[in-house]
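Enquirer: the sequence and its predicted three-dimensional model are supplied below.
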Amino acid sequence: PDAGPVGDTVVAELRRATGLFGGSLTVSTAGAPVEADAVAEHDVTLVVAVRAPHVGGTSTRSGQPTADPNAHLVGPASGGAPDGDASAPLGEESFVLGRRDGRAWVVAGGHRGLLYGLHALVREGERAWAPGTDHVLDLPVSSLRMLDHWDNVDVHPVMGQVERGYAGGSLWFEAGRVRDDLTRVGAYARLLGSVGVNAVSLNNVNVGRTEARLLTDGLADVARLADLFRPHGIRTFLSVSFAAPMRLGGLPTADPLDPDVQRWWAEAAERVWATVPDFGGFVVKADSEGQPGPFAYGRDHADGANLLARAVAPHGGTVFWRAFVYNHTQDWRDRSTDRARAAYDHFHPLDGRFDDNVVVQVKHGPIDFQTREAVSPVIGALPRTRVAVELQVTQEYTGHQKHVCYLGPWWSEILRFPLTEDAGRTVADIVTGLPGGPDGTVHGPEVADLRAGGIVAVSNVGDDAFWTGHPLAQANLYAFARLAWNPEADPVEVLDEWIGLTFPDADPRVRTTLHRLMDGSWRTYEAYTAPLGVGFMVTPGSHYGPSVDGYEYSPWGTYHFADRDGIGVDRTRATGTGYTGQYEAPWRDVYEDAATCPDELLLFFHHVPWEHRLRSGTTVAQHVYDSRADAVDEVERTVAAWAEVAGLVDDGLHARVTERLAEQLRSATEWRDQVRTYVFRTSGVPDASGRPIY
Ligand code: GCW
């Protein structure tokens, strides 16, 4: 029967796998087997069904065992497939993974669910065929799990081909067009499908002249890429320039209220969907860091987003409209302008005006993907708008994939952060449209309905042999996908899963060592770079390595305001920029008061004297001295631990990690010395530990 591209993938995967491990495969759509071999050791039954087999009680969370242990399961009894007529309807991406009498089975609501169920079974490994009977319903918490690629067709003289890319050039663009040989793109699509990513955007949100043409002359190339992603359940998106009607269409304006502009976009969308019928839609960076946008015409961002939304709506398309809008030509003397406030100030008044197929895509923090910053209040401030949170897998501010920095714990904190009034809904609840709260009731402003936007991240892959430059940075890609599937997942367990899948059959010391290197690596990175949430202190432009005052007097709006008396940004309502007022209770008050503000965000919210005592008991200056030095000691131990597993992992991989660790140690040492010395020279406060200072 016509299984569709994803169904075909499932069958092909199973054929390949049964070839590897033996056993047989039964696949049926609504009960009709399309393939059934002799019963053997590793049998798998896959069924696409509209309803779950008697799963007593359903769960809207992923990964939870179905509720009623006594529920009678109509499972694949002796060779038969589970029948499909029982309790809960299964969504297109949901599946039940079960085992019975040494047989593994997956029942899914659609082909994508079947694909995800199959890969869940692969993750289970031998356990999937263990004696006994049980089953688990699994479904993604976020219906949109998207990777944005910042790939350029052209190679930028400073940025290289992939903006903020640390893994070589683009996987798909080469020499001004899409590569002829797309073998690795096929492998990448398979990889993403295996962890449930279901959308990719192909090109940088900063859309250059050549890249703008992907929407017109480049469409055949886009279709070739879409053909590779489709079989793995992934829809393709493009970043587009708001000025496209002028750049590509020769119109004198890009004004969203101009009928010619509207017509141009409608026709552009017609052409796109005629070429790629399941195309996803557009990602837009407008009025942001020099990209064109609606402000030039006196229009706001709802006008801008709805212009594109109406063009793509007839085709079922979605517009991801980024909220990263701020003044990047600021005067550092002007302390009343606060970059952290900007997105809220622009977007909060527009809530309720966006069309249903607009998703406002908000960076997780109000500044820019720092190692530590507060959660953006914008995410909770648009109850009548679909909101997606944007994370950054590529390590722009977290060590350029030269430093080990496992970001799962950071994203987990962000996604679980209870942002709305009275801590009612977490970031994950908001972006996935879940009501939140222990009893599922919505707190805070009245909402007509709960809207899902999704979980998006900037990808970290490139044409590097290890995909991500640093081989261990692959864990970040994996963790993003697994946390987008289930934001409640424990990030260290996710890491453990990645280790098991990436280093199967390795000596147990490899697992222990990787945990030793990675579990706490984000906090270690934080501890040798900018302290207590103040951010930046990076080399301007590249954003790699220390430059404490690098951005201090620049127009970018990212300051630490250190002087001989103190450090930090006063964002309080009482005496500062008023940013704390963008939060609902309790955060507006928790952050307002230096006594209740969490240490790790103190300098994000407050300007304090160097000898201000943290909640931890130590002073700000002494904290900076101690933690920078301790963190470098930790990196040294990491280097030694990795040396111990030489010979237990692939030599090429071991060498690559060793080389990167050497650079991490060099760079961390530089950070330590620059930051400690800066604090001493600026404040005059001695370091009680007596460690060297320059
Ligand atoms: O983090 C900043 C980067 C820019 C990037 C921008 C954005 C794509 O420094 O390189 O541009 O954010 O997210 O739009």
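Expert: Received, thanks. Every value quoted in this text rests on a predicted model; they were computed, and no experiment measured them. Residues are numbered from 1 along each chain as shown.
Enquirer: which positions in this structure make contact with the ligand?
Expert: Within the chain, the positions near the ligand by CB under 6 Å from any ligand atom are Trp150, Glu163, Arg164, Asn204, Val205, Asn206, Lys285, Glu289, Phe324, Asp368, Phe369, Glu396. In this view, the C-beta of every residue, glycine as well, is placed from N, C-alpha and C.
Enquirer: go with 8 Å
Expert: 150, 159, 163-164, 204-206, 285, 288-289, 291, 322, 324, 363, 368-369, 390, 392, 396-397, 458, 543 (CB under 8 Å from any ligand atom).
Enquirer: filter these to the buried ones?
Expert: 150, 159, 163-164, 204-206, 285, 288, 291, 322, 324, 363, 368-369, 390, 392, 396-397, 458, 543 (16 or more other CB atoms under 10 Å).
Enquirer: show me the protein divided up by domain.
Expert: 4-138, 145-489, 525-569+607-683 (automatic domain parsing).
Enquirer: highest average neighbour count across those domains?
Expert: Mean neighbours per residue, mean count of other CB atoms under 10 Å, is largest over the domains of the chain for domain 145-489, with a mean of 21.
Enquirer: got the end-to-end distance for it?
Expert: End-to-end distance for domain 145-489, by CA to CA, to the nearest Å: 15 Å.
Enquirer: beyond the worst-scoring helix or strand of the chain on mean pLDDT, next helix or strand please.
Expert: Ranked by mean pLDDT, DSSP states H and E, the weakest helix or strand in the chain is strand 32-36, scoring a mean of 39. Next helix or strand after strand 32-36 toward the C-terminus (DSSP states H and E): strand 44-48.
Enquirer: for whichever helix or strand comes after that following strand, packing partners?
Expert: Next helix or strand after strand 44-48 toward the C-terminus (DSSP H and E): strand 95-100. Applying 3 or more CB pairs under 8 Å, 6 or more residues apart in numbering; DSSP states H and E, we find strand 95-100 packed against strand 103-108, helix 111-124, strand 133-138.
Enquirer: I'd like those written out as TSV, with mean pLDDT added.
Expert: Listed next are the helices and strands packed on strand 95-100 as TSV, based on pLDDT from 0 to 100:
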stretch	mean pLDDT
strand 103-108	88
helix 111-124	93
strand 133-138	93
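Enquirer: let me have these in JSON lines, extended by distance to Met246.
Expert: Shown next, in JSON lines, are the helices and strands packed on strand 95-100 (distance: least, CB to CB, whole Å):
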{"stretch": "strand 103-108", "distance to Met246": "46"}
{"stretch": "helix 111-124", "distance to Met246": "39"}
{"stretch": "strand 133-138", "distance to Met246": "47"}
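Enquirer: which residues touch the residue in the stretch 401-550 of the chain positioned nearest to the ligand?
Expert: Taking CB to the nearest ligand atom as the measure, the stretch 401-550 of the chain has His543 as its residue closest to the ligand, at 6.4 Å. Listed by CB atoms under 8 Å, 6 or more residues apart in numbering, the contact partners of His543 are Arg164, Glu396, Tyr397, His400.
Enquirer: sec struct for the residue lying closest to Val222 once chain neighbours are set aside, please.
Expert: Leaving aside its chain neighbours, Val222 sits nearest to Leu214 (5.8 Å; criterion: CB to CB, 6 or more residues apart in numbering). When classified by DSSP: H, G, I helix; E, B strand; the rest coil, Leu214 comes out as helix.
Enquirer: tell me how far Leu214 lies from Val155.
Expert: 16 Å (CB to CB, to the nearest Å).
Enquirer: check Gly304 too.
Expert: 30 Å.
Enquirer: what does Ser554 give?
Expert: Relative to Val155, and taking CB to CB, Ser554 is found at 26 Å.
Enquirer: Thr513 too?
Expert: 37 Å.
Enquirer: CA atoms only: put stretch 220-227 into PDB for me.
Expert: Output in PDB follows, covering the C-alpha atoms of stretch 220-227 (Å, rounded to 0.1, in the frame of the first residue of the first chain):
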ATOM      1  CA  ALA A 220      14.700  24.000  -7.800                       C
ATOM      2  CA  ASP A 221      17.700  23.700  -5.400                       C
ATOM      3  CA  VAL A 222      15.400  24.200  -2.400                       C
ATOM      4  CA  ALA A 223      13.200  21.400  -3.800                       C
ATOM      5  CA  ARG A 224      16.200  19.000  -4.000                       C
ATOM      6  CA  LEU A 225      16.900  19.600  -0.300                       C
ATOM      7  CA  ALA A 226      13.200  19.300   0.700                       C
ATOM      8  CA  ASP A 227      13.200  15.900  -1.100                       C
END
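Enquirer: who are the neighbours in contact with the residue nearest the centre of the chain?
Expert: With distances taken as CA atoms, centre = their mean, Ala457 lies nearest the centre of the chain, 3.0 Å away. Counting by CB under 8 Å, 6+ apart, Ala457 touches Met146, Leu147, Asp148, Glu390, Leu391, Gln392, Val393, Phe480, Ala484.
Enquirer: one more time with 6 Å, if that's ok
Expert: By CB atoms under 6 Å, 6 or more residues apart in numbering, the contact list for Ala457 reads Leu147, Leu391, Val393, Phe480.
Enquirer: which non-adjacent residue is nearest it?
Expert: Counting by CB to CB, 6+ apart, the residue nearest Ala457 is Leu391, at 4.1 Å.
Enquirer: dihedrals phi and psi, the one you found?
Expert: Main-chain torsions, Leu391, degrees, to the nearest 10: phi -110, psi 170.
Enquirer: right, and it touches Ser412 too?
Expert: No - taking contacts as CB atoms under 6 Å, Leu391 lies outside contact range of Ser412: 10.7 Å.
Enquirer: identify the contacts common to the two.
Expert: Between them, Leu391 and Ser412 share no contacting residue, judged by CB under 6 Å, 6+ apart.
Enquirer: what does stretch 491-502 rub up against?
Expert: Gly408, Pro409, Ser412, Ala475, Tyr478, Ala479, Arg482, Arg511, Leu514, Asp519.
Enquirer: switch the cut-off to 7 Å
Expert: Contacts to stretch 491-502, defined as CB atoms under 7 Å, 6 or more residues apart in numbering, come from residues 123, 406, 408-409, 412, 474-475, 478-479, 482-483, 511, 514, 518-519.
Enquirer: restricted to helices, list those.
Expert: Among these, the members found in helices (DSSP state H) are 123, 408-409, 412, 474-475, 478-479, 482-483, 511, 514, 518.
Enquirer: between those residues, which is nearest Gly176?
Expert: Gln474 (28.7 Å; CB to CB).
Enquirer: assign the residue of the stretch 351-500 of the chain at minimum distance from the ligand to helix, strand or coil.
Expert: Nearest residue of the stretch 351-500 of the chain to the ligand: Asp368, at 4.6 Å (CB to the nearest ligand atom). Put simply, Asp368 is coil when judged by three-state DSSP.
Enquirer: gap between the closest residue to the ligand within the stretch 1-150 of the chain and Asp464?
Expert: Nearest residue of the stretch 1-150 of the chain to the ligand, counting by CB to the nearest ligand atom: Trp150, 5.3 Å away. Separation of Trp150 from Asp464 (CB to CB): 15 Å.
Enquirer: check Gly436 too.
Expert: From Gly436 to Asp464 the distance is 39 Å (CB to CB).
Enquirer: assign a three-state SS to the closest residue to Thr682 other than its chain neighbours, would you?
Expert: Counting by CB to CB, 6+ apart, the nearest residue to Thr682 once its immediate chain neighbours are dropped is Ala562, at 5.5 Å. What three-state DSSP gives for Ala562 is coil.
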